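1. This is the structure alone, sequence omitted:
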């Protein structure tokens, strides 16, 4: 931050996030930082002060990457319940975790992840569509959407670009099963040369990348829903051994792998979206439960499963951020205030988590 007063209030806000109790309102943040008379100043700092959050996030990303062994970048959704409709980004949206439609903000976070910890370093607020229905699902034949419509794929690429400017590139794991514009997302990741593992819905149509003579039952090489494609190729289901990053024990999963291409892309072109479909079967191996598209080769399927497993712990990390650092507690209405708050939550969380790790390492070394 360029000004001394901004740095002072930034430190005060973070101190309040770390030391406050219960819900992190501005008042409780002020009390946690032992400046109970500074509520108005903190409100002005987080809601109206014009400081740029992007340099703070880049510095946070570098700090995190210096203090942990980053294995992947994770994209995670965050739903923030809100009352009324005057807050930036609020709309009625279906929240998968609750199984209900809620009045809420919908954001995306990019986390740097190692074997034990993940820390958020960038955020985007997804604004509602013009129809007011929130983020839209991918539909075959839907027209392309631009940045002005706040599409998810644009946000994901923008976050990847920002973080890549600050830290060394790692595989990007996108745990958004219904991400809008997935074909544009994968094309953009290919153009950037970023390794990726992207969760997709089983109803998504893809093109087989197989010779016609090898297609089962005389099937044509046209658009096929992922679920149908996997059922057609069940003979290729195979066990794969893999490890969780924090667990030395081997795990076995049954997978089906199929080379595919997304509709609307050109095979073999520099910006094409040829990729590998990895379908992970249930424990009983009776049905495929999860579907991932990746740019990694088939020889690295075990690594794909390791990366995909990182996405499964997203709820734990979001719970920790919500309960201990005030992730869901921002009281303002502006998108500027939201970005300021989320930036400071990220800094507080990284400091607390990595400080604990550093202390443990020092104790073991001692």
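-> Looks like it arrived, so ask away. Every value quoted in this text rests on a predicted model; they were computed, and no experiment measured them.
2. so how far is the helix or strand containing residue 260 off the chain centroid?
-> Assigned by DSSP states H and E, residue 260 belongs to strand 250-261. The gap between where strand 250-261 is centred and where its chain is centred comes out at 22 Å by Cα atoms, centre = their mean, to the nearest Å.
3. Could you identify the helix or strand that succeeds that strand?
-> From strand 250-261, the next helix or strand downstream (DSSP H and E) is strand 274-281.
4. the longest strand in this structure is where?
-> strand 100-113 (DSSP state E).
5. What is the neighbour count of the residue nearest to residue 198 when sequence neighbours are not counted?
-> Nearest in space to residue 198, with sequence neighbours left out and distances taken as Cβ to Cβ, 6 or more residues apart in numbering, is residue 174 at 4.3 Å. For every residue, glycine as well, the C-beta is placed using N, CA and C. Taking other Cβ atoms under 10 Å as the criterion, the count of residues near residue 174 is 28.
6. buried sites along the helix or strand encompassing residue 62?
-> Counting by DSSP H and E, the element that carries residue 62 is helix 53-67. For helix 53-67, burial by neighbour count (16 or more other Cβ atoms under 10 Å) applies to 53, 56-58, 60-61, 63-65, 67.
7. next one: stretch 315-329
-> Buried-residue list, stretch 315-329, by 16+ other Cβ under 10 Å: 317-318, 320-322, 325-329.
8. and which of those is nearest residue 202?
-> For the buried residues of stretch 315-329, the residue nearest residue 202 by Cβ to Cβ is residue 318; the value is 24.5 Å.
9. What pLDDT is listed against that closest one?
-> On pLDDT, residue 318 comes in at 82.
10. OK, contacts around the closest residue to it other than its chain neighbours?
-> Excluding its sequence neighbours, the residue lying closest to residue 318 (Cβ to Cβ, 6+ apart) is residue 78, at 6.2 Å. By Cβ atoms under 8 Å, 6 or more residues apart in numbering, the contact set of residue 78 is 106-109, 318, 327.
11. Lowest-confidence one in those residues?
-> For these, the pLDDT minimum is residue 318, 82.
12. Is that residue in contact with residue 324, as I believe?
-> No - counting by Cβ atoms under 8 Å, residue 324 is not a contact partner of residue 318; they are 11.2 Å apart.
13. which residues pair with the residue nearest to residue 318 across the strands?
-> residue 107 (DSSP bridges).
14. And it, how close does it get to residue 174?
-> Taking Cβ to Cβ, to the nearest Å as the measure, residue 78 falls 14 Å from residue 174.
15. Same question for residue 25.
-> Distance from residue 25 to residue 174, by Cβ to Cβ: 33 Å.
16. Just give me the residue closest to the centre of this structure.
-> Residue closest to the mean C-alpha point of the chain, counted by Cα atoms, centre = their mean, is residue 75 at 1.2 Å.
17. tell me which element that residue is part of?
-> strand 72-81.
18. now that strand, how far from the centre of its chain.
-> On Cα atoms, centre = their mean, the centre of strand 72-81 falls 4 Å from that of its chain.
19. tell me the angle of it relative to strand 100-113?
-> Angle between the axes of strand 72-81 and strand 100-113 is 150 degrees (criterion: axes from the mean of the first three to the mean of the last three Cα atoms, to 10 degrees).
20. Show me what the helix or strand just after strand 72-81 is packed up against.
-> Sequence-wise, the next helix or strand downstream of strand 72-81 (DSSP H and E) is strand 91-95. Contacts defined by 3 or more Cβ pairs under 8 Å, 6 or more residues apart in numbering; DSSP states H and E place strand 91-95 against strand 100-113.
21. got the contact list for the closest residue to residue 254 other than its chain neighbours?
-> Leaving out its chain neighbours, the residue that sits closest to residue 254 by Cβ to Cβ, 6+ apart is residue 281, at 4.1 Å. Residue 281 is in contact with 237, 253-256, 287-289, counting by Cβ under 8 Å, 6+ apart.
22. Out of these, which end up buried?
-> In the contacts of residue 281, burial by neighbour count holds for 253-256, 288, counting by 16+ other Cβ under 10 Å.
23. Could you find the lowest-pLDDT member of the residues you listed?
-> For the buried ones among the contacts of residue 281, the pLDDT minimum is residue 288, 76.
24. Any idea what it is bridged to?
-> residue 281.
25. State the distance from it to residue 203.
-> 13 Å.
26. which residues are common contacts for those two?
-> Contacts common to residue 288 and residue 203, judged by Cβ under 8 Å, 6+ apart, are residue 227.
27. what sits against residue 329?
-> 23-25.
28. nope, residue 294 is what I was after
-> With Cβ under 8 Å, 6+ apart, residue 294 has these contacts: 195-198, 275-276, 278, 304.
29. Reduced to three states, what does residue 302 come out as?
-> Following DSSP: H, G, I helix; E, B strand; the rest coil, residue 302 is assigned to helix.
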